[in-house]
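J.: Need coordinates for the following:
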Amino acid sequence: MPFDPLTTHAGAGVAAVLLSAFLLGVLHGVTPDEHTWPITVSYAIGAASGRRGLEAGLLFSAAFTFQRAVASELAYLALAPILASGSLNAAIDLLVGVVMAVSGAYILRLGRELHLTEGFEQFLHRLFHLGTQDGTNGIVRDAGRPIPLRMTLLHGFVAGWGTGAFAIIIYTVLAPAMPNAAMAFLPGLLFGVGTMLVQALAGAAIGAWMRTRGLGEAAMNYVSRAVAGNTLLYGGLLFSVWGLFALLFPALAEPIDRGLPTGLGIPNLDSINAGLILVALIVLVVATGSFVRAVRRVQVPARAEVPARAEMQRR
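T.: Below you'll find the model as predicted:
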């Protein structure tokens with residue numbers, strides 16, 4: 001029998017609703033969501049260590065959690081139809097794309113860092129004891145220039161306003177199930193915490209995996225910057241193009257956004273739609289392709305040195 005999240009919430013008590021919200025958040029963190037995985041993967045690769053990858057996941061999902069709690073409260077106050085509107089979702093895709101592209105351009109040294117959330121990031125560093133001995137507060141440095149992990153905060157807050165299957169459940173089922181307005185933010189908060197758990201672990205795993213690639217420090221810096229920068233830049237452009245298209249031609253975008261059903265019954269996997277296609281293009285094509293190209297570039301000089309050394313020894 002296909003998994004139907006709605007059937008587990010109808011008529012449930014407050015505790016059951018909040019547990020469902022948390023478990024749905026965990027499922028949301030696992031499934032390929034266009035507003036979480038591309039950004040987390042990009043910054044975790046750019047972090048190039050398990051600890052900083054963990055930080056990237058925490059920063060993104062902390063802002064996402066705050067946004068989802070606010071939206072849950074707004075949904076209780078009968079604003080769910082506005083939050084679920086197709087035009088708002090298209091505008092969010094466009095805005096997320098622009099923010100991603102700006103971040104990617106900076107990482108690729110095409111621009112300057114935007115100090116929009118530095119104070120909040122430093123607070124989180126102190127709260128989670130993530131500060132480093134060099135005083136960089138976990139910001140990855142390459143030749144003295146930081147990869148701005150704090151930008152994940154802006155990404156998380158903006159991307160959270162995108163409305164997918166999970167958001168619809170929060171806005172139309174879980175939030176209205178709360179007994180009063182004072183508790184209406186809790187489903188969104190617990191949903192965000194569930195997502196945070198998975199995204200933080202995913203960020204740590206990806207960052208640690210990057211550290212085990214056997215590359216030198218300089219090569220690692222180059223690969224991490226190239227992959228993170230390209231993924232955010234070109235992924236952001238893809239988001240922007242799709243968001244603009246959906247805003248200008250909603251009738252054409254709607255069936256693409258709805259997609260072809262897969263029969264799985266799991267949100268984010270129940271159809272092959274625009275969101276899933278964006279995830280596949282950004283993570284599998286852009287990120288993977290950038291990683292392969294960057295690794296080949298740093299390995300070519302190393303391979304070239306071996307014949308040269310052998311020739312010198314023969315002489």
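
J.: can you pull the pLDDT of the nearest residue to Val30 once chain neighbours are set aside?
T.: Spatially, and ignoring its direct neighbours in sequence, Val30 is nearest to Val198 (5.7 Å; C-beta to C-beta, 6 or more residues apart in numbering). Just so you know, the C-beta spots here come from the backbone N, C-alpha and C atoms, and that holds for glycine as well. Confidence at Val198, expressed as pLDDT, is 85.

J.: Report the buried residues of the helix or strand where Val198 lies.
T.: Taking DSSP states H and E as the criterion, Val198 maps to helix 186-211. By neighbour count on 16 or more other C-beta atoms under 10 Å, the buried set for helix 186-211 is 186-200, 202-204, 206-208, 210-211.

J.: Could you do stretch 88-104 as well?
T.: Neighbour-count burial for stretch 88-104 [16+ other C-beta under 10 Å]: 89-104.

J.: Which parts of the chain are helices?
T.: Along the chain, the stretches classed as helices by DSSP state H are 14-30, 37-47, 50-74, 80-83, 86-107, 118-128, 151-159, 165-169, 186-211, 217-248, 250-258, 274-279, 288-314.

J.: any idea which of the ones you listed is most buried?
T.: Most buried of the helices of the chain by mean neighbour count (mean count of other C-beta atoms under 10 Å) is helix 37-47; its value is a mean of 29.

J.: angle of that helix against helix 217-248?
T.: 160 degrees (axes from the mean of the first three to the mean of the last three C-alpha atoms, to 10 degrees).

J.: From the contact counts, what lies against helix 37-47?
T.: helix 50-74, helix 86-107, strand 145-147, helix 151-159, helix 186-211, helix 217-248, helix 274-279 (3 or more C-beta pairs under 8 Å, 6 or more residues apart in numbering; DSSP states H and E).

J.: quick one on the thing from earlier: quick one: the helix holding Val198 to helix 14-30, angle?
T.: 30 degrees.

J.: if we can go back for a sec, tell me which of the helices and strands packed on helix 37-47 lies nearest to Trp37.
T.: Proximity to Trp37 (C-beta to C-beta) singles out helix 274-279 among the helices and strands packed on helix 37-47, at 5.8 Å.

J.: Who are the packing partners of the closest one?
T.: By 3+ C-beta pairs under 8 Å, 6+ apart, helix 274-279 packs against helix 37-47, helix 217-248, helix 250-258.
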